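> Turn this into a model:
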Amino acid sequence: MVSDSELVARLHEFLRSFDLNTTTTAIVRRKLEEDFGIDLSGKKAFIHEHVDLFLQSQLEHRSNVKSEESNGSDSEGGN
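Numbers count the residues shown, from 1 in each chain. Below you'll find the predicted structure:
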């Protein structure tokens, strides 16, 4: 059986390359099953949770980048 950390690492790899507007957790799970050669039906909730965590981290990252861009040179200590 594949470890949870291996699943999460591969899941993140896939999500970085997939179109997140059209990808579903079922598509991700089937791709993971194909790659690892095992049935991951019992890991549906785990995969769904980690897809959600990945998406949340991406949103937070984008929000931080936009915030930094809108602050301009404030972080450079210009006064």
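
> could you point out which element follows the host helix or strand of residue 34?
Using DSSP states H and E, residue 34 sits within helix 25-36. Note on helix 25-36: by DSSP H and E, the next helix or strand toward the C-terminus is helix 44-71.

> Can you list the buried residues in that next one?
47, 50-51, 54 (16 or more other CB atoms under 10 Å). No exception for glycine: its C-beta is placed from N, CA and C like everyone else's.

> ok, which pair from those residues is furthest apart?
Farthest pair in the buried residues of helix 44-71 (CB to CB) is 47 and 54. Separation: 10.5 Å.

> any residues in contact with both of those two?
Listed contacts common to residue 47 and residue 54 are residue 11; contacts here mean CB atoms under 8 Å, 6 or more residues apart in numbering.

> how much space between the spatially closest residue to residue 33 that is not a sequence neighbour and residue 32?
Leaving aside its chain neighbours, residue 33 sits nearest to residue 40 (5.1 Å; criterion: CB to CB, 6 or more residues apart in numbering). Separation of residue 40 from residue 32 (CB to CB, to the nearest Å): 6 Å.

> where does this structure have low pLDDT?
Within the chain, the segments meeting pLDDT under 70 span 73-79.

> Which of the buried residues of helix 44-71 sits closest to residue 22?
For these, the nearest to residue 22 is residue 51 (13.5 Å; CB to CB).

> My guess is residue 7 contacts residue 32. True?
Yes: at 6.4 Å, residue 7 counts as touching residue 32 under the criterion of CB atoms under 8 Å.

> Find residues that contact each of the two.
Joint contacts of residue 7 and residue 32 (CB under 8 Å, 6+ apart) are 40, 47.
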